[in-house]
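**Q** Have a look at this fold, sequence not included:
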């Protein structure tokens, strides 16, 4: 089952503290490879915390872990991920003449993943 | 911990644009690490505590260890041969280093862009069209009785913006701190910043412009249809209440984040917010300011603007600065495959840029200056290890409200500063230019009358 949702890439406290430890270190990679999702969306897709999902746009894809957020905190159909290489894989390069690629509120196709590890899938 | 301890008073944290300059650092000089950072937020504590002296090569050329001098020569040769290079980054280094990078860009006819182009670049574009009703954070602390955060999550990105300037501190005209202020937060999701706010307004994604324009209409006394709620998720009554608060406050401030600049509308969103602040000055004192991320991204804006007249996305190919976002901004230059070399200072575009841009970075010679290993240093042709500004390197940075602040470093680094390396590259480029008898880059054919020896 795949669904189209809206992805917000942004800052988080853990992303900020872990990047100080090193952007190539496991903690930073983990923080930036976790997408937050409305718990009702997760239930509908048959997902639980820690499951893997593939996020796909017309320019790229990334496989990340998912983590449930209360329905009051994150609207249905909206995803949040800390900035990092996985979110960058999904951004288009068209800046509409501004220099800024769309990094927030862009559409991604979400589908549950089984099998391979994050390292093998994320590309 | 050793007994060789030093205390640094009024040190500056350069993790984010708050640039808090009231740190009290305890430094173990033998172990070369900071053991305590009093007054620091969670991000500042990580910034200081994770900074450890590690033995890394001074430089790498094609992955092999090299001296700084060898890497300077290699970098200068790459830049001298490039026809259409880009100089990029600069938001996490001193103003002194930024000046040297700009001098290199000017010398070689390079594109010059900073991380502003993928941060508040759209706000920079909006400033040119609308203007900015500006302030310092000291004014906010002492005067603001209505504080509106729009499209940002300072609890995660700028924690001390709340406690040092905009929410809880007691000020001259707000003696009771938070009790004298109304705090509003506007965002598309309920973030960790929401508990700080008295009023949370949740807008539908991609609806900021419509909400801002409706507020402008209401400020001017125009009618707004109740259907605005269907489009934006915000009830007309909520907007009317906010407008009443904005028009009746003594000193209002809009602090806006990348929730406006990185989403649909980009510079139109920032422009709408800046126009709203301007409109409100018909009724009261109202200011607006972008909340800036990196420690000296505001310095980059100031230095580039001071020297070229433009804040980012500048091109020197014709021997004078031209500004054109979308043409001379780095994501565009790389994604279109136009540049043939890149000088990257204190930035990690290989991690943060779209895929097409990173793919081009892998095809061209890249020179990187960074204290730490990153995705970008890994793909670089020449990678310099440099000392960390603020912790090892003195100099000047600009706080997000354009206030310059002097750095007080904690201990010395064995590595050179960005300024040292960039100055050496610049000097070597000057020597090479004298030797070849003319200009560099795409402008070389226009500026040089006689054929060059190397041609």
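**A** Thanks, I have it. Please read all numbers here as calculations on a predicted model, not as lab measurements. Residues are numbered from 1 along each chain as shown, chains lettered A, B, ... in the order given.
**Q** Residue B:312 belongs to a strand, doesn't it?
**A** No. Remark: residue B:312 does not belong to a strand; assigned using DSSP: H, G, I helix; E, B strand; the rest coil, it is coil.
**Q** Would you confirm that it contacts residue B:111?
**A** No. Using CB atoms under 8 Å, residue B:312 is not in contact with residue B:111; the gap is 10.3 Å. (Glycine included, C-beta is placed from N, CA and C.)
**Q** Among these two, which residue is more densely surrounded?
**A** Between residue B:312 and residue B:111, counted using other CB atoms under 10 Å in any protein chain shown, residue B:312 has the larger neighbour count: 30 against 27.
**Q** which residues does that one contact?
**A** Residue B:312 sits next to A:99, B:112-114, B:116-117, B:121, B:124, B:300-301, B:304, B:325, B:329 when contact means CB atoms under 8 Å, 6 or more residues apart in numbering or on different chains.
**Q** Nearest spatial neighbour of it, chain-adjacent residues omitted?
**A** Spatial nearest neighbour of residue B:312, chain neighbours left out: residue B:116 (4.4 Å); criterion: CB to CB, 6 or more residues apart in numbering or on different chains.
**Q** Hmm, residue B:305 and the one you found touching each other?
**A** No. Counting by CB under 8 Å, residue B:116 stays clear of residue B:305, with 10.2 Å between them.
**Q** any residues in contact with both of the two?
**A** residue B:311.
**Q** mind checking how far residue A:7 is from residue A:83?
**A** For residue A:7, the distance to residue A:83 (CB to CB, to the nearest Å) stands at 11 Å.
**Q** wait, residue B:323
**A** 26 Å.
**Q** What are the boundaries of the strands in the stretch 1-150 of chain B?
**A** Applying DSSP state E, counting those that start in this stretch to the stretch 1-150 of chain B gives strands spanning B:5-11, B:23-28, B:33-38, B:59-61, B:64-66, B:86-89, B:111-114, B:146-150.
**Q** contact partners of stretch A:42-61?
**A** Residues from elsewhere that reach stretch A:42-61, judged by CB under 8 Å, 6+ apart: A:1, A:3, A:7, A:35, A:37, A:62-68, A:79, A:81, A:86, A:89-93, A:106-114, A:118, A:121, A:123, B:354-356.
**Q** Report all helices and strands that the helix of greatest length in chain B contacts.
**A** For chain B, the helix with the greatest residue count under DSSP state H is helix B:418-436. Counting contacts by 3 or more CB pairs under 8 Å, 6 or more residues apart in numbering or on different chains; DSSP states H and E, helix B:418-436 is packed against helix B:68-81, helix B:95-108, strand B:342-345, strand B:366-370.
**Q** related to what we said a few turns ago, when residue B:116 and residue B:305 are compared, which one has more neighbours?
**A** Applying other CB under 10 Å to residue B:116 and residue B:305 shows that residue B:116 carries more neighbours, namely 28 against 15.
**Q** residues in contact with the more buried one?
**A** Here residue B:116 is in contact with B:91, B:124, B:297, B:300, B:301, B:311, B:312 (CB under 8 Å, 6+ apart).
**Q** How much space separates the first one from residue B:256?
**A** Put plainly, it is residue B:91. Note on residue B:91: its distance to residue B:256, by CB to CB, is 18 Å.
**Q** Name the residues of stretch A:17-37 that are buried.
**A** By neighbour count on 16 or more other CB atoms under 10 Å in any protein chain shown, the buried set for stretch A:17-37 is A:17-23, A:28-37.
**Q** if I look at residue B:182, how far off is chain A?
**A** 22 Å (CB to the nearest CB, to the nearest Å).
**Q** and the residue of chain A nearest chain B?
**A** Nearest to chain B, among the residues of chain A, is residue A:99, at 2.9 Å (CB to the nearest CB).
**Q** That residue: what's it in contact with?
**A** Applying CB under 8 Å, 6+ apart, we find residue A:99 in contact with B:113, B:117-118, B:121-122, B:312-313, B:325-326, B:329-332.
**Q** What about residue 85, how many residues nearby?
**A** Reading this off chain A. For residue A:85, the neighbour count with other CB under 10 Å is 21.
**Q** Sorry, I should have been clearer: chain B.
**A** Applying other CB under 10 Å, we find 29 residues neighbouring residue B:85.
**Q** before we move on, what about the one 3 residues further on?
**A** The local packing of residue B:88 (other CB under 10 Å) involves 32 other residues.
**Q** Of the buried residues of stretch A:17-37, which ones also sit close to chain B?
**A** With the criterion set as CB under 8 Å from any CB of the partner chain, the members of the buried residues of stretch A:17-37 near chain B are A:17, A:18, A:20, A:21, A:22, A:23.
**Q** okay, those in TSV with distance to residue B:33 and secondary structure next?
**A** Listed next are those as TSV, based on distance: CB to CB, whole Å; DSSP: H, G, I helix; E, B strand; the rest coil:
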residue	distance to residue B:33	secondary structure
A:17	17	helix
A:18	18	helix
A:20	13	helix
A:21	13	helix
A:22	15	coil
A:23	20	coil
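**Q** tell me the two of the residues you listed that are most distant?
**A** A:17 and A:23 (12.2 Å; CB to CB).
**Q** thinking again about what came up before, now do the same for the residue of chain A closest to chain B: its pLDDT.
**A** Listed pLDDT for residue A:99 reads 97.
**Q** Report the spatially nearest residue to it, omitting neighbours in sequence.
**A** Nearest to residue A:99 is residue B:329, by CB to CB, 6+ apart, at 2.9 Å.
**Q** How about the contacts made by the residue of the stretch 201-350 of chain B found nearest chain A?
**A** Distances between the stretch 201-350 of chain B and chain A by CB to the nearest CB are smallest at residue B:329, namely 2.9 Å. Residues in contact with residue B:329, defined by CB under 8 Å, 6+ apart, are A:95, A:98, A:99, A:100, B:113, B:117, B:121, B:312, B:313.
**Q** Show me which of these are buried.
**A** A:95, A:98, A:99, A:100, B:113, B:117, B:121, B:312, B:313.
**Q** got JSON lines for the residues you listed, with distance to residue A:54 too?
**A** As requested, the buried ones among the contacts of residue B:329 are exported to JSON lines (distance: CB to CB, whole Å):
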{"residue": "A:95", "distance to residue A:54": "26"}
{"residue": "A:98", "distance to residue A:54": "29"}
{"residue": "A:99", "distance to residue A:54": "29"}
{"residue": "A:100", "distance to residue A:54": "26"}
{"residue": "B:113", "distance to residue A:54": "33"}
{"residue": "B:117", "distance to residue A:54": "30"}
{"residue": "B:121", "distance to residue A:54": "31"}
{"residue": "B:312", "distance to residue A:54": "35"}
{"residue": "B:313", "distance to residue A:54": "34"}
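**Q** mind listing what the residue nearest to residue A:14 when sequence neighbours are not counted touches?
**A** Sequence neighbours aside, residue A:31 is the residue nearest to residue A:14 in space, at 4.8 Å (criterion: CB to CB, 6+ apart). By CB under 8 Å, 6+ apart, the residues touching residue A:31 are A:12, A:14, A:15, A:18, A:82, A:84.
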